[in-house]
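Peer 1: Below is the sequence, then the predicted model.
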Amino acid sequence: MIDLAGLACHSSRRMRALAEAPDLLLAAALVGLDVTARLLPHAPDFTPVAASALFAATVLRVRALGLLVPVAALLIGDTLHGFYDWRMMAIVYGALTLPACAACLSGRLRQPRMIVPVMLSSSLAFFAITNFAVWALTPMYPAGAGGLLACYVAGLPFLKYTIAGDLVWAAALFGGYRLVMNRLGDRLGALHGAVRRIPRPA
């Protein structure tokens with residue numbers, strides 16, 4: 001006797017796996033981009049990690065991959081560069097997943113008009129969080145408001161690179177994706193039109 005329920009379940013799992021395959025490939029490509037960009041010479045903090053986190057959480061059907069992309073990229077990069085204080089690592093990792101968290105929590109933040117505000121907010125949040133952590137967890141600056149202020153002032157020259165990197169990489173990722181999707185749409189439309197023009201046998 002044919003187990004129809006079992007066949008349906010197996011078919012459902014197979015279809016789900018096929019649907020998730022492109023997501024996994026794109027996530028792997030984003031991780032590769034992040035790691036490569038960090039290894040190549042670049043301005044301080046001018047990396048695609050935060051932008052790729054927002055892009056992954058916005059574009060991929062499996063939104064949880066948006067959180068995995070920056071964490072995997074940072075782990076691989078730090079394995080090659082060398083690890084540092086685990087507390088600072090945890091804070092940096094968490095700060096760079098904020099764009100993905102925002103996109104996962106709110107569909108409104110995944111809209112195209114929200115890309116720039118989300119990226120700017122994440123740049124400022126990264127600056128505020130990581131500089132506070134440097135002041136709190138390292139002996140580089142004295143305790144107290146004066147030391148905290150000095151830490152933020154010292155970090156200001158890097159903020160422009162963080163903002164520029166987040167915006168430039170977000171424009172490249174989202175703009176490139178839109179261009180590719182438009183090209184695919186045009187080709188599929190042309191193919192559909194060509195098929196419709198094929199004479200049918202009487």
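Peer 2: Happy to help now that I have it.

Peer 1: Any stretches of this protein with poor pLDDT?
Peer 2: Along the chain, segments meeting pLDDT under 70 span 1-21, 185-202.

Peer 1: which residues of the chain fall in helices?
Peer 2: When assigned using DSSP state H, the helices of the chain occupy the ranges 4-39, 49-59, 65-81, 86-96, 98-105, 115-137, 145-197.

Peer 1: Which elements pack onto the third one?
Peer 2: Pointing back at helix 65-81 there. helix 4-39, helix 49-59, helix 86-96, helix 98-105 (3 or more Cβ pairs under 8 Å, 6 or more residues apart in numbering; DSSP states H and E). To be clear about C-beta, it is placed using only N, CA and C from the backbone, and glycine gets the same treatment.

Peer 1: residues contacting the spatially most central residue of the chain?
Peer 2: Residue closest to the average C-alpha location in the chain (Cα atoms, centre = their mean): residue 53, at 1.5 Å. With contact taken as Cβ atoms under 8 Å, 6 or more residues apart in numbering, residue 53 is in contact with 66-67, 69-70, 96-100.

Peer 1: farthest-separated two in those residues?
Peer 2: Taking every pair in those and measuring Cβ to Cβ, the maximum separation is 13.1 Å, between 69 and 98.

Peer 1: who has more neighbours, the two?
Peer 2: Ranked by neighbour count (other Cβ atoms under 10 Å), residue 69 and residue 98 place residue 69 first, with 28 against 20.

Peer 1: quick one: residue 44 from residue 111, how far?
Peer 2: Separation of residue 44 from residue 111 (Cβ to Cβ, to the nearest Å) stands at 31 Å.

Peer 1: Repeat that for residue 68.
Peer 2: 23 Å.

Peer 1: Who has more neighbours out of those two?
Peer 2: For residue 68 and residue 111, the more surrounded residue by other Cβ under 10 Å is residue 68, and the numbers stand at 19 against 12.

Peer 1: Contact partners for the more buried one?
Peer 2: 27, 56.

Peer 1: same thing with residue 104?
Peer 2: Per Cβ under 8 Å, 6+ apart, neighbours of residue 104: 57, 63-64, 66-67.

Peer 1: How about residue 141?
Peer 2: Here residue 141 is in contact with 134-135, 147-148, 150-151 (Cβ under 8 Å, 6+ apart).

Peer 1: Name the nearest residue to it, ignoring sequence neighbours.
Peer 2: Distances taken as Cβ to Cβ, 6 or more residues apart in numbering put residue 147 closest to residue 141, at 3.9 Å, once the chain neighbours are dropped.

Peer 1: I'd assumed residue 136 was in contact with the one you found.
Peer 2: No: with contact defined as Cβ atoms under 8 Å, residue 147 does not reach residue 136; the gap is 9.8 Å.

Peer 1: which neighbours do the two share?
Peer 2: By Cβ under 8 Å, 6+ apart, no residue touches both residue 147 and residue 136.
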